[in-house]
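[1] how would this look folded up:
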Amino acid sequence: MKIRPMLIMLQSVFLILSGGCLTNSSAAAPAPTVLRDFPPDLLLLPQESDVTEKAENAGIDYGNADQGYIMAWYSGPKNAKIQIVKTDDGEGQSQQWSYDVDQTGVKEVLPLQEGSGSYRIVVAEQIEGTRYSPLVSVEFDVAIADDLLPFLYPNKYVMYSPESFLTQKAWELTRGCTSDIEALNEIYVFVKEFIKYDSTKAETIENFYTPDPDAVLADGKGICMDYASLVCAMLRANHIPAKMITGKVEDNLNHAWNAIYLENEGWVDVRLYLEANHWELIDLTFAAGNISSEKLAKYIGGGEKYTALKVY
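    Below you'll find the model as predicted:
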């Protein structure tokens with residue numbers, strides 16, 4: 001599936017709806033006749049399995065790889081990393097993702113975002129500096145049941161549960177919505193208006209960190225990774241496939257944004273056209289930062305100025 005960039009303007013392009021979703025009578029596409037489930041009956045949550053590879057202080061659970069994720073953990077006293085390598089991306093190349101272990105003994109949920117294929121998972125413990133020693137590893141082939149599944153489950157960077165503050169808020173916002181585009185509208189407007197850009201954090205934060213979307217919602221402020229993680233989590237909690245993407249925008253600026261997948265949608269009277277069965281780009285950070293239209297055009301353009309490096 002290909003991401004087709006799309007610009008969402010800062011001006012009031014989305015309808016601000018009070019009290020939940022309303023049917024937009026001026027939309028060209030006919031409104032669905034059935035309301036979205038509330039809360040979603042299809043909320044997908046990671047599950048442990050018996051298909052594991054274990055060492056003394058580390059382990060890998062890959063029994064649900066066909067659902068688009070694995071679990072891995074480290075319980076030792078040192079720094080550690082989890083590496084996922086897709087050993088063949090179909091073009092004779094390998095792709096890899098490296099994750100810091102933030103909490104010892106916690107099973108990290110990590111996506112298989114590149115879909116079906118051959119994977120190698122390694123949990124490694126730090127020896128010194130950038131030198132790490134593998135503790136446990138596993139290789140396997142997997143056919144993922146649906147290409148969208150990796151983007152419907154919680155994971156390390158998009159974490160939530162049915163009890164999460166953000167999940168409850170996402171369900172509250174989308175109560176009564178009749179389509180995914182209406183649900184997106186509610187979540188977009190809420191995050192744009194409620195979450196303020198944290199300039200202090202932007203100036204002091206290290207290059208990469210693990211966002212906590214529930215804490216961002218509670219604090220009411222964050223930076224680009226926080227916006228992207230929160231929006232992604234709120235959409236997935238509503239069973240709308242969403243990606244958190246990290247990469248670069250104009251002037252080699254580190255940035256994070258989202259892509260969403262809306263099925264069977266057409267014209268919506270919010271000056272926005274979403275084509276059916278496509279991934280679309282959405283950026284909340286610039287929208288919430290009250291950036292002038294001139295600066296917005298400089299950084300975003302028509303979406304072509306985004307360079308995606310990693311997807312979660």
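[2] all contacts plus neighbour counts: C-alpha atoms, from now on.
    Noted.
[3] ok, now which ones touch residue 194?
    residue 220 (C-alpha atoms under 8 Å, 6 or more residues apart in numbering).
[4] Tell me the confidence at it?
    On the pLDDT scale, residue 194 is placed at 90.
[5] now residue 123
    Listed pLDDT for residue 123 reads 98.
[6] quick one: it and residue 77, what's the gap?
    In this view, residue 123 and residue 77 are 14 Å apart by C-alpha to C-alpha, to the nearest Å.
[7] With neighbour numbers in mind, choose between those two.
    residue 123 (29 against 10; other C-alpha atoms under 10 Å).
[8] got the residue ranges for the strands in the stretch 201-312 of the chain?
    Across the stretch 201-312 of the chain, reading from the start of the chain, the strands by DSSP state E, counting those that start in this stretch fall at 221-222, 242-249, 253-262, 267-268, 272-273, 278-282, 307-311.
[9] Comparing these, which yields the minimum mean pLDDT?
    In terms of mean pLDDT, the lowest-scoring of those is strand 267-268 (a mean of 30).
[10] State the distance from the closest residue to residue 310 other than its chain neighbours to residue 187.
    Nearest in space to residue 310, with sequence neighbours left out and distances taken as C-alpha to C-alpha, 6 or more residues apart in numbering, is residue 246 at 5.3 Å. Distance, residue 246 to residue 187, using C-alpha to C-alpha: 20 Å.
[11] And the lowest mean pLDDT element among the helices and strands of this structure?
    Using mean pLDDT, DSSP states H and E, the weakest-scoring helix or strand in the chain turns out to be strand 267-268, at a mean of 30.
[12] Doesn't residue 70 lie inside a strand?
    Yes: following the definition DSSP: H, G, I helix; E, B strand; the rest coil, residue 70 is counted among the residues of a strand.
[13] Count the residues that sit near it.
    Neighbours of residue 70 (other C-alpha under 10 Å): 26.
[14] same deal with residue 134?
    Neighbourhood size, residue 134 [other C-alpha under 10 Å]: 15.
[15] Tell me the spacing between residue 137 and residue 107.
    Residue 137 is 15 Å from residue 107, where distance means C-alpha to C-alpha.
[16] let me redo that: residue 85
    As judged by C-alpha to C-alpha, residue 85 and residue 107 stand 18 Å apart.
[17] Repeat that for residue 44.
    As defined by C-alpha to C-alpha, residue 44 lies at a distance of 17 Å from residue 107.
[18] And the residue nearest the centre of this protein?
    The C-alpha lying nearest the average C-alpha coordinate of the chain belongs to residue 244 (C-alpha atoms, centre = their mean; 3.3 Å).
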